[in-house]
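K.L.:
Okay, here's the prediction I keep looking at, along with the sequence it came from:
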Amino acid sequence: MTVTYVIEGSEVTGLERFWQVIGEAVNGPSGYFGRNLDAFADCLSRGMGTPDDGDFVIDWRNHALSARALGHEETARRLRQQIGRAHPTNRPALQRALDEAPAGRGPTLFDRLVQIVEERTTPGTLRLN
């Protein structure tokens, strides 16, 4: 039986709120399902609350609202946080991304989250409504 996890896009107001919304959708109140992109990918791959057989759907309702909240502005904010604590060899790539984000160019956090779900789950798992 397929389990459906609902993300209400209007509740996603930034990346920190996304972690709360996805955690609660999968694992209930105060649930955890990652607090960074790597942990999110791991949770999708390791059944951290999802069925062991991988038979689940993420129904991201009003996803356009989340796409705006996790757009270039939020992406730039996150990159600014990361760059200071990044390994020196990673800083040039982060800086290039940071140079692009405020101008509305390059992938957004929303794009990256969608990409992670698509890479780590079976086709059709993510439903953008």
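P.N.:
The structure has been received and is ready for your questions.
K.L.:
pLDDT value on the closest residue to Ala76 other than its chain neighbours, please?
P.N.:
Using CB to CB, 6 or more residues apart in numbering and skipping the chain neighbours, the partner closest in space to Ala76 is Ala101 (3.9 Å). C-beta coordinates here come from the backbone N, C-alpha and C atoms, glycine included. Ala101 is assigned a predicted lDDT (pLDDT) of 97.
K.L.:
and Ala101, what does it touch?
P.N.:
Neighbouring residues of Ala101 by CB atoms under 8 Å, 6 or more residues apart in numbering: 72-73, 75-76, 79, 108.
K.L.:
make it 10 Å
P.N.:
Residues near Ala101 by CB atoms under 10 Å, 6 or more residues apart in numbering: 71-80, 107-109.
K.L.:
same thing with Pro51?
P.N.:
1-3.
K.L.:
Buried only: go through the contacts of Ala101 for me.
P.N.:
71-79, 108-109 (16 or more other CB atoms under 10 Å).
K.L.:
What is the nearest of the residues you listed to Asp53?
P.N.:
Within these, proximity to Asp53 (CB to CB) peaks at Leu109, which comes in at 29.3 Å.
K.L.:
Without its sequence neighbours, what residue ends up closest to that closest one?
P.N.:
Leu70 (4.1 Å).
K.L.:
By pLDDT, give me the weakest of the contacts of Pro51.
P.N.:
Minimum pLDDT across the contacts of Pro51 falls on Met1, with 88.
K.L.:
ok, that residue to Arg112 distance?
P.N.:
The gap separating Met1 from Arg112 is 30 Å, by CB to CB, to the nearest Å.
K.L.:
Of the two, give the one with the bigger neighbour count.
P.N.:
In this view Met1 and Arg112 are compared by other CB atoms under 10 Å, and Arg112 has more residues nearby, 16 against 6.
K.L.:
Turn the contacts of Pro51 into TSV, including secondary structure and distance to Pro88.
P.N.:
Output for the contacts of Pro51, formatted as TSV (DSSP: H, G, I helix; E, B strand; the rest coil; distance: CB to CB, whole Å):
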residue	secondary structure	distance to Pro88
Met1	coil	49
Thr2	coil	45
Val3	strand	43
